[in-house]
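Chemist: I'd like to go over a predicted model; first the sequence, then the structure.
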Amino acid sequence: MLRRKPIRFWSTHPGVKDCHPIYPAANLKREMSKCPFASIQRHAAKCPALKQYGATGFIIPAPCDFIIETNGDGKTVNWRAPTLLDTSDGFISTHDETQAKASAPPHSMDVVIKIGTTWRSSTPHDLIFIQSPVLYNGEERFTAATGILDPSKVPQLNAQLYWHVLEGETLVKAGTPLVQLIPILRKSLRKWDYVIDDATPEDLKFEDAINYSMNSQFEPSTPTVLNNNQKIIKNRYV
């Protein structure tokens, strides 16, 4: 059996790989897990859906310190960094308001700040990435744009950031998580057959079984309840 070709990341600037490499998202200790109430059984940090999302894919960190300066007009950005990395005139630029304002979330600048991370990627042909913010990490200064990244068309891994600090200087330290990349199968982009329907008697029996499982113990998030839920789901769908 042929071994699957790996996803490959490489940096165009020496030292970035050694100091601030891309790393598995599962290795990031997210801010929600540092909450003093994180040991509570129903805390968000224990939610299976959030934990699984957080552990999927890879994190692109900031390759060096940089400062973003805004002046309140929603358009003008100045920046400083101790290095130009792999560029001659700087690794930070913007998509202006004519390009970005329509997609900018509320309380953000009208421009998108583009960070050239120095990273490139190649994947097996059947894989592409969902590029997303590093969710559930307590980052309030910026939000990475969400989209599909196809390395066979654009190998550069740039961070496109919606900026929320409308006025003032913001220091982003080297190693700060900027973007999360989640590999998915290319065929996931195809159109899917689907049915919109009312619940059948079998669907309602399944619903009752799940509700029974969730109500059978005082703490519905215990491993026993979660395992029982999986048994019920497996019996219904597999």
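Modeler: Right, received. Where do you want to start? Numbers count the residues shown, from 1 in each chain.

Chemist: residue boundaries of the helices in this protein?
Modeler: For the chain, the helices defined by DSSP state H cover 16-19, 48-54, 97-100, 201-215, 223-237.

Chemist: Least confident secondary structure element in the protein?
Modeler: When each helix and strand of the chain is scored by mean pLDDT, DSSP states H and E, helix 48-54 comes last, with a mean of 79.

Chemist: what does it contact?
Modeler: Helix 48-54 has contacts (C-beta atoms under 8 Å, 6 or more residues apart in numbering) with 25-26, 28, 30, 32, 44-45, 135-136, 226. Using the backbone N, CA and C atoms, a C-beta is placed for each residue, glycine as well.

Chemist: one more time with 10 Å, if that's ok
Modeler: Identification of contacts with helix 48-54 by C-beta atoms under 10 Å, 6 or more residues apart in numbering yields 25-26, 28-30, 32-33, 43-45, 47, 132, 134-137, 180, 182, 221, 226, 229.

Chemist: Now do L178: how many residues are near it, please.
Modeler: When counting by other C-beta atoms under 10 Å, one arrives at 23 neighbours for L178.

Chemist: before we move on, back to that, just the buried ones from the contacts of helix 48-54?
Modeler: Buried by 16 or more other C-beta atoms under 10 Å: 25, 28, 30, 32-33, 44-45, 132, 134, 136-137, 180, 229, out of the contacts of helix 48-54.

Chemist: neighbours of V77, just the number please.
Modeler: 19.

Chemist: so where's this structure shaky on pLDDT?
Modeler: For the chain, the stretches with pLDDT under 70 are 1-2, 33, 36-43, 45-46.

Chemist: can I see the domain layout of it?
Modeler: 8-189, 201-237 (automatic domain parsing).

Chemist: May I have the distance across the first one, first residue to last?
Modeler: Meaning domain 8-189. One end of domain 8-189 to the other measures 22 Å (C-alpha to C-alpha, to the nearest Å).

Chemist: re the thing from before, among the buried ones among the contacts of helix 48-54, give me the pair with the biggest separation.
Modeler: Within the buried ones among the contacts of helix 48-54, V134 and N229 form the most distant pair, 28.3 Å apart (C-beta to C-beta).

Chemist: Okay, now the sheet partners of the top strand by length along the chain, with direction.
Modeler: Criterion DSSP state E: the longest strand present in the chain is strand 112-122. If you go by DSSP bridges, strand 112-122 pairs up with strand 8-11 (antiparallel), strand 92-95 (antiparallel), strand 156-163 (antiparallel).

Chemist: For these, please prepare JSON lines with the additional fields mean neighbour count.
Modeler: Below are these laid out as JSON lines (neighbours: other C-beta atoms under 10 Å):
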{"stretch": "strand 8-11", "mean neighbour count": "17"}
{"stretch": "strand 92-95", "mean neighbour count": "18"}
{"stretch": "strand 156-163", "mean neighbour count": "21"}
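
Chemist: now these as TSV including distance to L149?
Modeler: Listed next are the strands paired with strand 112-122 as TSV, based on distance: least, C-beta to C-beta, whole Å:
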stretch	distance to L149
strand 8-11	12
strand 92-95	16
strand 156-163	8
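
Chemist: Distance check, the residue of the chain most remote from its centre against H95.
Modeler: Relative to the centre of the chain, and counting by C-alpha atoms, centre = their mean, the farthest-placed residue is P201 at 38.5 Å. Note on P201: its distance to H95, by C-beta to C-beta, to the nearest Å, is 53 Å.
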